[in-house]
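Participant: Structure for this input, please:
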Amino acid sequence: MWLTCAKPAISTLRHVRQSLPNDVAKIVACSIVDSRLDYCNSLFVGMCDRNFKKLQRVQNTLARVVLRAGKFEHITPVLIQLHWLPVKQRALYKLALITLNVLQHNNPVYLRDLLTTRNPSRNLRSSSQQLLSVGCMRTVLSSRCFRHSAAINWNDLPFDI
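Facilitator: Residues are numbered from 1 along each chain as shown. Model (predicted):
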């Protein structure tokens, strides 16, 4: 739904882009569309690739408008220059960040109660890592809940991070 709101906003930014300095254009872009990508990115975890491609096209278009990149230029250097992660990695990063805050600071408590650390019955090499217990989910929808997706995302991170 918000994609329909993003297109006019990007079009408006494209029209006034010539009169804006680069830093102002980046701030405007972040406030208009990029904030909407962050608003519900926890719901994006587990979403199908087709929907991620739609969101990625919006972000790519916005990046091209901000840096005045051509339509056929490769988008990766543009995203790197803006310090923007692709939408899928952005959602996983935000989920990992929320999980870290919950584990480190026990806030918010209602999320901390959902996460349980894995305690193996015998001594393993992974016992020194702070891994989370991943429960069995029967449906795809239930696997997108915070308890399950946060545990899988957290356990997939490299240990040295």
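Participant: low-scoring stretches of the chain, by residue?
Facilitator: 1-5, 33-34, 120-129 (pLDDT under 70).
Participant: how is it carved up into domains?
Facilitator: The record's domain parsing of the chain by automatic domain parsing lists 2-85, 91-156.
Participant: now the ones you listed in JSON lines, with mean neighbour count?
Facilitator: No exception for glycine: its C-beta is placed from N, CA and C like everyone else's. Output for those, formatted as JSON lines (neighbours: other Cβ atoms under 10 Å):
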{"stretch": "domain 2-85", "mean neighbour count": "15"}
{"stretch": "domain 91-156", "mean neighbour count": "14"}
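Participant: give the contact list for Leu115.
Facilitator: Thr99, Val102, Leu103, Leu132, Arg147, Ala150, Ala151 (Cβ atoms under 8 Å, 6 or more residues apart in numbering).
Participant: Would you agree it falls within a strand?
Facilitator: No: under DSSP: H, G, I helix; E, B strand; the rest coil, Leu115 falls outside any strand and is assigned coil.
Participant: I'd like to know how far it sits from Asn153.
Facilitator: 11 Å (Cβ to Cβ, to the nearest Å).
Participant: Same check on His15?
Facilitator: 39 Å.
Participant: what's the residue nearest to the spatial centre of the chain in contact with, if anything?
Facilitator: What sits nearest the mean C-alpha location of the chain, by Cα atoms, centre = their mean, is Ala91, with 1.7 Å. For Ala91, the contacting residues are Asn41, Ser42, Phe44, Val45, by Cβ under 8 Å, 6+ apart.
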